[in-house]
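Chemist: with the input below, show me the fold.
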Amino acid sequence: MPSTLAPLLVLIMDYNFHWRPVWRALPDLLDAALITLEVALLSMVIGIVIGMVLAIMRLYGNIAMRGFASVWIEAARNTPALLQFFFFGFGLGAFDLHLSPYMIVLVGLSFNNAGYLAENFRGGFQAIPVTQFNAARCLGMTSSQAFIRIVIPQVFKLVYHPMTNQMVWAVLISSLGMLVGFRELAGETQFMASNTFRLFEFFLAAAVIYYLIVKIILLVFYLISRRLFNY
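Modeler: Next up, the predicted model:
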């Protein structure tokens with residue numbers, strides 16, 4: 001056995017578990033979990049809308065539009081999510097714009113989701129043969145009708161699974177909200193653990209709740225895909 005693991009095993013074996021504070025706080029933890037799910041879901045909806053716009057701007061826009069979309073995508077994908085939260089939480093204070101902890105996390109997650117989803121959408125658009133768009137135009141559809149009715153549904157089918165992964169990412173990364181004072185699941189867990197000094201028990205319980213949330217999300221997205229796409 002590695003020498004570094006022996007002290008850890010001894011510490012765990014000597015640790016006295018007390019689960020009663022966790023059971024008493026479980027309703028509050030579940031309420032916080034719902035807040036986590038709410039902010040992640042809202043950020044996904046906003047991210048999908050903005051991400052679609054960014055993808056279209058980057059593919060079909062003029063130089064200014066492509067530049068704006070590129071800057072957003074590069075900033076969202078190539079800087080730490082925590083740094084983005086701190087920017088919206090504290091950086092905007094320099095411009096006398098102060099957001100609540102909930103809005104900091106919502107705006108930060110939406111910004112991050114939009115950047116990642118924009119690249120997914122861009123790949124989806126590029127995967128659709130242009131002949132389908134041309135065929136729709138030959139059948140009498142306008143350009144907007146062909147784009148909305150023919151191209152976009154296929155794009156969503158292509159990027160559905162990456163969108164599922166992004167939803168899971170949004171749930172998990174929302175835990176960084178505790179660092180800006182947001183009382184979602186991780187923040188509530190930190191608060192309860194600090195008050196009761198039962199750090200291990202509370203964070204283990206939080207890990208189980210996060211795991212169950214992710215599994216529920218994957219199941220729901222799987223059922224939706226079976227309904228919409230027959231796979």
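
Chemist: what about residue 227, neighbour count?
Modeler: 8 (other Cβ atoms under 10 Å). Where C-beta positions appear, they are placed from N, C-alpha and C, glycine not excepted.

Chemist: buried stuff in the helix or strand that contains it?
Modeler: Using DSSP states H and E, residue 227 sits within helix 199-229. Applying a neighbour-count criterion of 16 or more other Cβ atoms under 10 Å, one finds 201, 202, 205, 206, 209, 210, 213, 217, 221 buried in helix 199-229.

Chemist: with residue 208 as the reference, measure out to the second one.
Modeler: Residue 202 is 11 Å from residue 208, where distance means Cβ to Cβ, to the nearest Å.

Chemist: which one of the buried residues of helix 199-229 sits closest to residue 168?
Modeler: Closest to residue 168 out of the buried residues of helix 199-229 is residue 217 (6.0 Å), distances taken as Cβ to Cβ.

Chemist: hey, which helix or strand in this structure has the poorest pLDDT?
Modeler: Scoring the helices and strands of the chain by mean pLDDT, DSSP states H and E places helix 5-14 at the bottom, with a mean of 54.

Chemist: from residue 54, how far off is the residue most central in space within the chain?
Modeler: Central residue of the chain (Cα atoms, centre = their mean): residue 170, 1.7 Å from the mean position. As judged by Cβ to Cβ, residue 170 and residue 54 stand 17 Å apart.

Chemist: one more: residue 139?
Modeler: For residue 139, the distance to residue 54 - Cβ to Cβ - is 29 Å.

Chemist: check residue 32 too.
Modeler: In terms of Cβ to Cβ, residue 32 sits 31 Å off from residue 54.

Chemist: what helices or strands is the helix holding residue 227 leaning on?
Modeler: Identification of packing neighbours for helix 199-229 by 3 or more Cβ pairs under 8 Å, 6 or more residues apart in numbering; DSSP states H and E yields helix 20-60, helix 160-173, helix 185-196.

Chemist: of residue 32 and residue 54, give the one with the bigger neighbour count.
Modeler: Of the pair residue 32 and residue 54, residue 54 is the one with more neighbours under other Cβ under 10 Å, namely 27 against 23.

Chemist: thought the more buried one was touching residue 72?
Modeler: Yes: between residue 54 and residue 72 there is a contact under Cβ atoms under 8 Å: 5.9 Å.
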